[in-house]
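Peer 1: model the following, please.
(2 chains)
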Amino acid sequence: MKASKLLAQCLAQPEKLKALDDKALTAIITAARAERLLATLAHRAEGLELPSSVQAIFRDALIECENVHRTAMWEVDRMQHALHDMDVRVVLLKGSTYVAAGLPAAKGRQVGDLDIMVPRDQLDAVEGALINAGWEWVKDDPYDQQYYREWMHELPPMIHNARDGMIDVHHTILPLTARPTPDAQAMMDEALPLESGTYILAPTDMICHAAAHFAADGDMAGGMRNLWDVHVLYAHFAKDGAFGQQLADRARHHGLYEAVSRTLRMAQALYGTQIAQQFSSRLSMLDRLLLRRVMARDGWGREGYVITRFAVYVRSHSLRMPPLMLARHLWIKWRKSGKDI
Amino acid sequence: MDNMRHHCQIAVGPAVFRIGSDWRAPITQLQSLYSDYPKAEGQIPDFTVRLEAQRWWRRFVRPSVHISGDYMLPDASPLPLAQGLLAAEMAMNLQMAMGWRRHLLLHASAVERDGKVLVMTGLSGSGKSTLSAILAENGWRFFADEFALLGMEDGHIHPFPRLVSLKNSAIPAMEHVIDDKRRFGPLLKDTPKGDIRHLIPPKSAVEAMGKSAPPVLLLYPSFGKAKQIREVAPTENFLRLTQASTNYVALGEPAFQALTHFVQSVPAFAIDYANADEAMALIADLWPEGAT
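Peer 2: The predicted model follows:
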C-alpha cells in the first residue's frame, strides 16, 4: 500500500498505528514528514503504546510544532504592530487563524507564511506600512511583480529583513483570473473579531476558503494536509446541525459550491469526514484523478505518479487563467527556468 | 517502486539514518566504512536520506547525485557519482543540522579524557577537526568532529562519532599519524570542498558512543597564526555559540537555559597556533589537570 494511503488511514484512526510493523511505521513517518503532517500524526497518536523510537520522533515533532506556533503568533503580533495606527480590518487566513482562534485544526498544524486579507482599497496603505516596518519583496523580477499585481489575489510575497518571516497579503481568496469570483467584501464584513484585535473568517467562509484553495487553485501539493484541515474544521463546525445548509448557501453565493462539495467528497474519501447528505455523491473521474495526485507520496518521501501530477498542474493553471494567458505564462516561466539549466 | 534500489541504515550516537540510493557504489562504501558501528538495520530511523538521479537517464549518463531526504536545501547542487560517499555524508549532516531536536547542536569537535570533555569550535579551516583527530590517536576518546551534542537536561556532551572528514592538507597529516590504511576511505579529489578523505574513528570511540560526559573546557582554535591565548568572556562566548548552533532558535527556551549554564560553567579560550605541536602544548596548559 502507498505510504500516503496508510498515513490517511492512521490520521483518521490512529489506533491502527499499533498494528503496523517497523517497516510500515518508517514509511508512514517519512511520508507524514514530507506532507508536513508529522506533528498532526504525533498529536493523534498521543497516549498510544508505540515503540520508543517512534515516541521520540513524535515528541520532537510536537515540541517543534509548539515553537512554530509561538513564532507564528509573534509574526501576527509584529504585523499588528506595523499596522497599529491604521484603521484597517485584518483577517487572518489558514494556519495562523487556526492557532490564533484555538481551533482543533491547529493541533499539530505547521504554520509557514503569515497569510492575511485586507480590503482591496487599503492594500497600498498596508503594503507601505509593512515596508516601513522592515518587510521586503522576495521577487523583484518585473514580470513576477506585474503578474501578481495585475492578476493575483495577493501582493507579491514579502519577507521580514530581520526575522525572515514571510507574509502574503490577500485582498480576495482566488486569483482575479479564475472563473469563480468569491465575494471578498462579504467575507470581510462577516469576519469575526478575536480578542487580540485581528479577525478570522466566519466558519462557512473558512471552509469556502480552504476549499477554494484546495480545489480551484494550486497543483494540490500538500493536498493531504489541506484536506485534513477541512476534515477537522468541518467536523468541528458541523456539531451545529444547521451548518451543512449554511455552508451550501454560502458556497453558492461565492460561486464555490462545486469546489466545496468536491473538497468535502475528497475529505470523506480520504479521512471519512461525515458530510451533509447534499454534498455526498459518487466520486467522479476527476475526483479520482485528484485523489491519486493527493496521495502520491511513497515510504521514502518521494512523490510518484509523474503524469498524474503534470496533468493536475496544468489543470490548476487552466482554472486560474484563460488558455492564451496560460500559454504565455507557461512560456515565460519555462524560458526563465531554462536559463538556469 | 515503493522501495529504493539500494539502501542501508547507520546509527551514529543517538541518531539512526536510513540511506537510499539509485546506485550501489555509495551504499557499498558506507557499509564498509561503518562496518564497526552498531547494527542499525531493522530499527526505525530518525532520518531518511535519498541519493537520487535528477532524471532517470542520469543514473547512467554522466551520473550525478542529487541530495534529498526529510530535510533538503532547495539549491543544493548535485555531485558526480564518484563523490557519492561525500553526498551521503553531507546529506546526513544536513538532516542533523536541520532536524535534530533532542540536543542542542554545536558546530564543534569534541574529545574526552578522564570523563571530561574538551569542545573545540570555530569556522572551517580553524583546525578543530584535525586537532580532534590527532587527540583521538593520543589517548583521548573521540566524540565528534562536526556536531557536539549538548544535552539540555544533563548538560553533558553526547558523542556523535561519525566519520572524520579530512580536508586538503589534513589528509597527508593524518596519513602520517595513522599506519592502518583500512581506516581511510577513498580519496575524493576536487570536491566542492577541495580534496576529501574520510577517516574511521578509533574502534574504542565507536564502541563507547552511548556514553556522555560533562564538558570542562571550550576552545576556539585558529590555525596558522602566532601562538597566543585569549580568554573568551561568557557573554561573547554565548553569542558565538548561538551562531555556531543550527537548532538553537528552533529549540526555544530549553536551549537558552542549557547554553547559559554551559557558558557559565565551562571556561573558554581562543587559541592561535602555527602547527599541531603548538596546539597540543596549549591544550595541555589549559586542561584542568595538565594532561596530554
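Peer 1: longest helix anywhere in the chain?
Peer 2: Picking chain A for this. Taking DSSP state H as the assignment, the helix of chain A that covers the most residues is helix A:52-82.
Peer 1: the chain in question should be chain B.
Peer 2: helix B:84-99.
Peer 1: now for it, which elements pack on it?
Peer 2: strand B:15-21, helix B:25-33, strand B:47-52, strand B:64-69, strand B:147-150, strand B:184-191, strand B:194-199 (3 or more CB pairs under 8 Å, 6 or more residues apart in numbering or on different chains; DSSP states H and E). Every C-beta, even on glycine, is put in place using the N, C-alpha and C of the backbone.
Peer 1: residues contacting the second one, please?
Peer 2: Contacts with helix B:25-33, where a contact means CB atoms under 8 Å, 6 or more residues apart in numbering or on different chains, come from B:6-8, B:10, B:19, B:21, B:51, B:65, B:81, B:84-85, B:87-88, B:163, B:185-186, B:198, B:200.
Peer 1: report the buried members of the residues you listed.
Peer 2: B:6-8, B:10, B:19, B:21, B:51, B:65, B:81, B:84-85, B:87-88, B:163, B:185-186, B:198, B:200 (16 or more other CB atoms under 10 Å in any protein chain shown).
Peer 1: would you mind listing what in the stretch 51-200 of chain A touches chain B?
Peer 2: Taking CB under 8 Å from any CB of the partner chain as the criterion, the stretch 51-200 of chain A approaches chain B at residues A:51, A:53-54, A:56-57, A:60, A:63-64, A:66-67, A:70.
Peer 1: cutoff 10 Å now
Peer 2: A:51-54, A:56-57, A:59-64, A:66-68, A:70-71 (CB under 10 Å from any CB of the partner chain).
Peer 1: check the burial of the nearest residue to B:A53 once chain neighbours are set aside by counting its neighbours.
Peer 2: Distance criterion CB to CB, 6 or more residues apart in numbering or on different chains; nearest residue to B:A53, sequence neighbours excluded, is B:R59 at 4.3 Å. By other CB atoms under 10 Å in any protein chain shown, 15 other residues sit near B:R59.
Peer 1: ok, back up a step: relative to strand B:64-69, how tilted is the longest helix of chain B?
Peer 2: Going by axes from the mean of the first three to the mean of the last three CA atoms, to 10 degrees, helix B:84-99 is angled at 20 degrees with respect to strand B:64-69.
Peer 1: is the helix or strand following helix B:84-99 anywhere near chain A?
Peer 2: Downstream of helix B:84-99, the first helix or strand assigned by DSSP states H and E is strand B:104-113. No - Strand B:104-113 is not in contact with chain A by CB under 10 Å from any CB; minimum separation 12.9 Å.
Peer 1: near chain B, which residues of the stretch 201-341 of chain A?
Peer 2: A:298-302, A:304-306, A:340.
Peer 1: quick one: residues contacting A:L194.
Peer 2: By CB atoms under 10 Å, 6 or more residues apart in numbering or on different chains, the contact set of A:L194 is A:76, A:92, A:97, A:100-102, A:200.
Peer 1: try B:A255
Peer 2: Counting by CB under 10 Å, 6+ apart, B:A255 has contacts B:101, B:103-105, B:150, B:152, B:242, B:245, B:247-249.
Peer 1: re earlier: distance between the longest helix of chain A and the chain's centre?
Peer 2: What separates the centre of helix A:52-82 from the centre of its chain is 17 Å, taken as CA atoms, centre = their mean, to the nearest Å.
Peer 1: which strands and helices sit next to the helix or strand just after that helix?
Peer 2: Next helix or strand after helix A:52-82 toward the C-terminus (DSSP H and E): strand A:91-93. In terms of contacts (3 or more CB pairs under 10 Å, 6 or more residues apart in numbering or on different chains; DSSP states H and E), strand A:91-93 is packed against helix A:52-82, helix A:94-100, strand A:114-117, strand A:166-170, helix A:184-189, strand A:199-200, helix A:203-215.
Peer 1: in a markdown table: those, plus distance to B:A258 and mean pLDDT.
Peer 2: Formatted as a markdown table, those follow (distance: least, CB to CB, whole Å; pLDDT from 0 to 100):
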| stretch | distance to B:A258 | mean pLDDT |
| --- | --- | --- |
| helix A:52-82 | 14 | 95 |
| helix A:94-100 | 27 | 96 |
| strand A:114-117 | 29 | 96 |
| strand A:166-170 | 29 | 94 |
| helix A:184-189 | 46 | 96 |
| strand A:199-200 | 37 | 98 |
| helix A:203-215 | 39 | 93 |
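Peer 1: for those, could you give me CSV that also reports mean neighbour count?
Peer 2: Listed next are those as CSV, based on neighbours: other CB atoms under 10 Å in any protein chain shown:
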stretch, mean neighbour count
helix A:52-82, 18
helix A:94-100, 24
strand A:114-117, 25
strand A:166-170, 20
helix A:184-189, 17
strand A:199-200, 21
helix A:203-215, 25
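Peer 1: can you redo these as CSV with distance to A:L38?
Peer 2: Formatted as CSV, the helices and strands packed on strand A:91-93 follow (distance: least, CB to CB, whole Å):
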stretch, distance to A:L38
helix A:52-82, 4
helix A:94-100, 15
strand A:114-117, 22
strand A:166-170, 21
helix A:184-189, 32
strand A:199-200, 26
helix A:203-215, 20
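Peer 1: tell me which of these sits nearest to A:V232.
Peer 2: helix A:94-100 (8.7 Å; CB to CB).
Peer 1: closest to the centroid, which residue in the chain?
Peer 2: No chain specified, so I'll use chain A. When chain A is reduced to its mean C-alpha position, the closest residue under CA atoms, centre = their mean turns out to be A:N226, at 4.9 Å.
Peer 1: did I read that right, that one in a helix?
Peer 2: Yes - A:N226: assigned to a helix according to DSSP: H, G, I helix; E, B strand; the rest coil.
Peer 1: that one - nearest residue in space that isn't next to it in sequence?
Peer 2: A:F214 (4.5 Å).
Peer 1: swap in B:G139?
Peer 2: With CB to CB, 6+ apart as the criterion, B:G139 has its nearest non-adjacent residue at 6.8 Å, and that residue is B:R113.
Peer 1: run through the bridge partners of the one you found.
Peer 2: Beta-bridge pairing for B:R113 (DSSP bridges): B:K116.
Peer 1: pLDDT score assigned to it?
Peer 2: pLDDT for B:R113: 95.
Peer 1: and for the one 3 residues further on?
Peer 2: In this model, B:K116 is scored at 96, pLDDT.
Peer 1: same deal with A:S318?
Peer 2: 69.
Peer 1: how far away from the center of its chain is stretch A:207-227?
Peer 2: Averaging C-alpha positions (CA atoms, centre = their mean) puts stretch A:207-227 6 Å from its chain's average.
Peer 1: once you drop chain neighbours, what's closest to the residue in the stretch 151-292 of chain B that chain A sits nearest to?
Peer 2: Here the stretch 151-292 of chain B gets closest to chain A at one residue, B:G252, 4.9 Å apart by CB to the nearest CB. Computed as CB to CB, 6+ apart, the closest residue to B:G252 that is not its neighbour in sequence is A:N67, at 4.9 Å.
Peer 1: against A:A39, how distant is the one you found?
Peer 2: 11 Å (CB to CB, to the nearest Å).
Peer 1: same question, B:R102
Peer 2: For B:R102, the distance to A:A39 (CB to CB) stands at 16 Å.
Peer 1: look at the two and report which has more neighbours.
Peer 2: A:A39 (24 against 19).
Peer 1: surely that one and A:Q110 touch.
Peer 2: Yes - in this structure, A:A39 is within contact of A:Q110 by CB atoms under 10 Å, at 6.8 Å.
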